[in-house]
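Q: Please work out how this folds:
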Amino acid sequence: MALGQLVNGQWTSKRQQDDEQGRFLRPPTRFRNWISQDGEQGFPPEVGRYHLYVSYACPWAHRTLIMRALKGLEQAISLSVVDPYMGDEGWFFSEAPGCIPDTVNGTTYVRDLYLKVDPQMTGRVTVPILS
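A: Model (predicted):
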């Protein structure tokens, strides 16, 4: 599994969050917003407004799929699923069984979603993403 990241908008295969002893230091998530009933905490709930990007290989993303199903939001929140193998270029959309392409933004790599928001993004490229 590749552990690359974006640095000033450019993909690198080097991970730069290790401390002096080589331990991984998880940086805080760069993008974090909320959906609240009144929209004051971030965004209002609206059918068809949100799209979920996941990998079936990611336990954090799997939780979002479970909650989407338990809350009956499958029709309200559309879905894209990346290839379960994270290649050298990071998470990507493929023709592999179970994958669902990015029908909203038409991206090939998940990093392109981050670059749409911040072309100079520095940080990890992770799923799940709710956009």
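Q: which residue ranges form the strands in the protein?
A: Listed in chain order, the strands found in the chain under DSSP state E are 5-7, 10-12, 34-35, 42-43, 50-54, 77-81, 129-130.
Q: got the contact list for Gly4?
A: When contacts are counted by C-beta atoms under 8 Å, 6 or more residues apart in numbering, Gly4 is found next to Trp11, Thr12, Ser13, Lys14, Arg15, Asp88, Glu89, Gly90, Val125. C-betas here are computed from N, CA, C, even on glycine.
Q: before we move on, back to that, can you put the strands of the chain in CSV and add mean neighbour count, mean pLDDT and distance to Gly106?
A: Formatted as CSV, the strands of the chain follow (neighbours: other C-beta atoms under 10 Å; pLDDT from 0 to 100; distance: least, C-beta to C-beta, whole Å):
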stretch, mean neighbour count, mean pLDDT, distance to Gly106
strand 5-7, 19, 89, 19
strand 10-12, 14, 93, 18
strand 34-35, 12, 73, 24
strand 42-43, 12, 76, 22
strand 50-54, 21, 95, 12
strand 77-81, 18, 96, 10
strand 129-130, 17, 92, 15
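Q: most neighbours, which of the contacts of Gly4?
A: Ranked by neighbour count under the definition other C-beta atoms under 10 Å, the contacts of Gly4 are headed by Gly90 with 23 neighbours.
Q: Run through the protein and note the low-pLDDT ranges.
A: Residues of the chain that meet the criterion pLDDT under 70 lie in 1-2, 15-18, 24-28, 30-32, 39.
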